[in-house]
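**Student:** Below: sequence and its predicted model.
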Amino acid sequence: SPFISLDIETGARTPATPWTGKDPTQATLKVIGLGTPDVGYAMWWGDTHASIKAEVRRLLADPGLLKVLQNGHWFDLRILRRKGFKIRNVVDTRDMRRALSSTSRLSLGYMSSIYNDLPDWKAREDDK
């Protein structure tokens, strides 16, 4: 079936509570990224035009379109559902990755790469 990849970036609930950007029960939605085998597109959600937002919501709710996430069940989907998204037909690659590489670290800092010899960049980035 046709598929898209889905990823989000989040921010803190307030500037005074920076740690909430990594908490799926409190984080704010900053960016939604979608991808196909040929192209990727990321949008700053707050500034995205209403017609594009409606199309993203339609795509994510489409049961005929597979959505591929990495660690989505624990993080991305919880935030998106809190924001009113209906997401159907999801596969999460986190556990598949673990099955292929049982020694691979699973912290959020390493989720974007199978190469553990690189710095844990995501956990150290400033949440802007």
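**Tutor:** Thanks, I have it. Numbers count the residues shown, from 1 in each chain.
**Student:** Give me the below-cutoff pLDDT ranges for the protein.
**Tutor:** Along the chain, segments meeting pLDDT under 70 span 1, 96-128.
**Student:** can you give me the strands for it?
**Tutor:** 3-11, 28-35, 40-44, 66-69, 90-92 (DSSP state E).
**Student:** now for these, which one comes closest to residue 84?
**Tutor:** strand 28-35 (10.5 Å; Cβ to Cβ). C-beta: built from backbone N, CA, C; applies to glycine.
**Student:** For the closest one, buried residues please.
**Tutor:** For strand 28-35, the neighbour count (16 or more other Cβ atoms under 10 Å) marks 29-30, 32, 34 as buried.
**Student:** Let's have the strands of the chain in CSV, adding distance to residue 77.
**Tutor:** Compiled in CSV, the strands of the chain are given as follows (distance: least, Cβ to Cβ, whole Å):
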stretch, distance to residue 77
strand 3-11, 9
strand 28-35, 12
strand 40-44, 18
strand 66-69, 7
strand 90-92, 7
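**Student:** Which one of the buried residues of strand 28-35 is nearest to residue 78?
**Tutor:** Using Cβ to Cβ, the buried residues of strand 28-35 come closest to residue 78 at residue 29, 11.2 Å.
**Student:** Perfect, that will be all.
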